[in-house]
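Asker: Task: produce atomic coordinates for the following.
(chains A and B)
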Amino acid sequence: MWLPLLGLIFGVMLGVLTDIQIPSVYENYLSIAVLAALDTMFGGIRAQLQQVYDDKVFISGFFFNILLAAGLAFLGVHIGVDLYLAAIFAFGVRLFQNIAVIRRILLTKLDNRRLKKSENS
Amino acid sequence: MTKKMYRNITIVSFIIGFMLAVQYNTVQNPTERDTRDIWEIRQELSEEKKRHSELLSSINALSSTVNKYEDDEFDNPELLLQETVNDLKKQAGLLPISGPGVTLTIEPSQELIQFGYELKPISPDLLIRLTNDLYRNNAQAIEIDEKRLTYNSAIRDINGKTTINSEPIKKINFEINIIMQTYEQAQKLANHLLASSFQDEFFIDNLMLTVYDAEQNVRINSTVELQQSKYLVDK
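Answerer: Down below sits the predicted model:
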């Protein structure tokens, strides 16, 4: 359970300590990639809670979403349309939806547990 | 199944964490591009060279003192110590000092007096600006209205009076003595002051700044008193 959180902390530490910086030109791509990755992770957590989790879908979704988002941003820069806004919008909406579903599932689980406890007593 | 899932989520969250940290780094401290051209770099280099030679000459002076100390044949270390103490006292403003320098006078402008304008003492802001400019031009010692400026001098407004070292400037017209390292520097400073906008700025405050030619021998008295504990004096 704590392993993913540990991974996150480890990643942040590695990034901060190595002090890697990317050129400001690519800043947009990275921000959109971060959003895509967050979206995939919350999607994965939701799928696990709904018991429809699939490894292949999760891993392929992670990399594919990142590439697609970065690709859209790249295309947008070259044809002069702010396509990265589309990606930000899509991922943002999905992120909220996923988190809402996760919250509801957790609330239902909590309610069920309380019900069981009161029945036992 | 769950083990594999946890492993995957951990890897993904690790990548996310890393990306977040990199993004944070990039946004917080954007890399500054070096946009100087060759002449700007040369100018900076020449300034550094100047600093280098200044440092070398001060190292030279210090090492000659060290040599004197280490010289066994020199049988009067007390004299040498006294010399060092005197040097330090001069730096701290405890001893009078003289050398090549410039004298400035500040007085109310005559035509304004005749027209009956109100005479106001000099504002601390203007005085601070002037002293900053003097120090920027390598002034060694400055005395304003017979009050020596030292490292811990303060020029400020106390109850509407401009004070230096907590003593008010009493006169409307007073002198500023500046001592420089060399006569050439003193000449340069006098020319700099004449060419700068200071005279105009003083005139805005109804004051007249007169810059005299550089002199070979300007004397600054020490007005700083050593604060000694009365309780430690032998009776």
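
Asker: longest helix anywhere in the chain?
Answerer: Defaulting to chain A. In chain A, taking DSSP state H as the definition, the longest helix is helix A:84-120.

Asker: meant chain B actually
Answerer: In chain B, with assignment by DSSP H, the single longest helix is helix B:38-70.

Asker: low-confidence ranges in chain B?
Answerer: Along chain B, segments meeting pLDDT under 70 span B:1, B:30-31, B:72-75, B:223-230, B:232-235.

Asker: for chain A, same thing?
Answerer: Scanning chain A with the threshold set as pLDDT under 70 gives A:1.

Asker: Residue numbers of it in contact with chain B?
Answerer: Proximity of chain A to chain B is confined to A:3-16, A:19-24, A:27, A:30-31, A:33-34, A:37-38, A:40-41, A:44-45, A:48, A:53, A:55, A:58-59, A:62 under the rule CB under 8 Å from any CB of the partner chain. Any C-beta I mention is one placed from the backbone N, CA and C, and that applies to glycine too.

Asker: can you tell me which of the residues you listed are in helices?
Answerer: Under the assignment DSSP H, the residues of chain A next to chain B contribute A:3-16, A:27, A:30-31, A:33-34, A:37-38, A:40-41, A:44-45, A:48, A:55, A:58-59, A:62 to helices.

Asker: Return the alpha-carbon coordinates of the helix or strand hosting B:L194 using PDB.
Answerer: B:L194 is located in helix B:183-195, with elements delineated by DSSP states H and E. Extracted in PDB, the C-alpha atoms of helix B:183-195 (Å, rounded to 0.1, in the frame of the first residue of the first chain):
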ATOM      1  CA  TYR B 183      46.700  62.700  -6.000                       C
ATOM      2  CA  GLU B 184      45.600  61.400  -9.400                       C
ATOM      3  CA  GLN B 185      42.600  59.800  -7.900                       C
ATOM      4  CA  ALA B 186      41.800  63.000  -6.100                       C
ATOM      5  CA  GLN B 187      41.900  64.900  -9.400                       C
ATOM      6  CA  LYS B 188      39.700  62.300 -11.000                       C
ATOM      7  CA  LEU B 189      37.200  62.600  -8.100                       C
ATOM      8  CA  ALA B 190      37.100  66.400  -8.400                       C
ATOM      9  CA  ASN B 191      36.500  66.100 -12.100                       C
ATOM     10  CA  HIS B 192      33.900  63.400 -11.600                       C
ATOM     11  CA  LEU B 193      32.000  65.600  -9.100                       C
ATOM     12  CA  LEU B 194      32.100  68.600 -11.400                       C
ATOM     13  CA  ALA B 195      30.800  66.500 -14.300                       C
END
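
Asker: for it, packing partners?
Answerer: Judged by 3 or more CB pairs under 8 Å, 6 or more residues apart in numbering or on different chains; DSSP states H and E, helix B:183-195 is in contact with strand B:97-108, strand B:207-211.

Asker: Which positions in the helix or strand following that helix come out as buried?
Answerer: Of the helices and strands lying after helix B:183-195 in sequence (DSSP H and E), the nearest is helix B:198-204. By 16 or more other CB atoms under 10 Å in any protein chain shown, the buried positions in helix B:198-204 come out as B:198, B:202.

Asker: how about the CA coordinates for helix B:198-204, as PDB?
Answerer: What follows is helix B:198-204, C-alpha atoms only, in PDB (Å, rounded to 0.1, in the frame of the first residue of the first chain):
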ATOM      1  CA  PHE B 198      25.300  66.600  -7.900                       C
ATOM      2  CA  GLN B 199      25.500  70.400  -8.300                       C
ATOM      3  CA  ASP B 200      22.100  70.400  -9.900                       C
ATOM      4  CA  GLU B 201      20.700  68.100  -7.200                       C
ATOM      5  CA  PHE B 202      22.000  70.400  -4.500                       C
ATOM      6  CA  PHE B 203      20.600  73.400  -6.200                       C
ATOM      7  CA  ILE B 204      17.100  71.800  -6.200                       C
END
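
Asker: Other residues contacting it?
Answerer: Contacts with helix B:198-204, where a contact means CB atoms under 8 Å, 6 or more residues apart in numbering or on different chains, come from B:106, B:109, B:126, B:129-130, B:133, B:208-209, B:211.

Asker: at 6 Å what do you get?
Answerer: Residues from elsewhere that reach helix B:198-204, judged by CB atoms under 6 Å, 6 or more residues apart in numbering or on different chains: B:L209.

Asker: any idea how far it is from the chain center?
Answerer: Its chain's C-alpha centre and that of helix B:198-204 lie 22 Å apart, by CA atoms, centre = their mean, to the nearest Å.

Asker: same deal with stretch B:203-222?
Answerer: Centroid separation for stretch B:203-222 versus its chain: 18 Å, with CA atoms, centre = their mean.

Asker: returning to what we had before: between helix A:27-49 and the longest helix of chain A, find me the angle.
Answerer: Angle, helix A:84-120 to helix A:27-49, by axes from the mean of the first three to the mean of the last three CA atoms, to 10 degrees: 30 degrees.

Asker: quick one, what contacts the most centrally placed residue in chain A?
Answerer: Nearest to the mean C-alpha position of chain A, by CA atoms, centre = their mean, lies A:L38 at 2.0 Å. Listed by CB under 6 Å, 6+ apart, A:L38 has no contact partners.

Asker: I'd say A:Q21 and B:N25 touch.
Answerer: Yes: using CB atoms under 6 Å, A:Q21 is in contact with B:N25, at 5.2 Å.

Asker: Confirm that B:V218 lies within a helix, as I assumed.
Answerer: No: read with DSSP: H, G, I helix; E, B strand; the rest coil, B:V218 is strand and lies in no helix.

Asker: Excluding chain neighbours, what is closest to it?
Answerer: What sits nearest to B:V218 in space, not counting adjacent residues and going by CB to CB, 6 or more residues apart in numbering or on different chains, is B:G101, at 3.4 Å.
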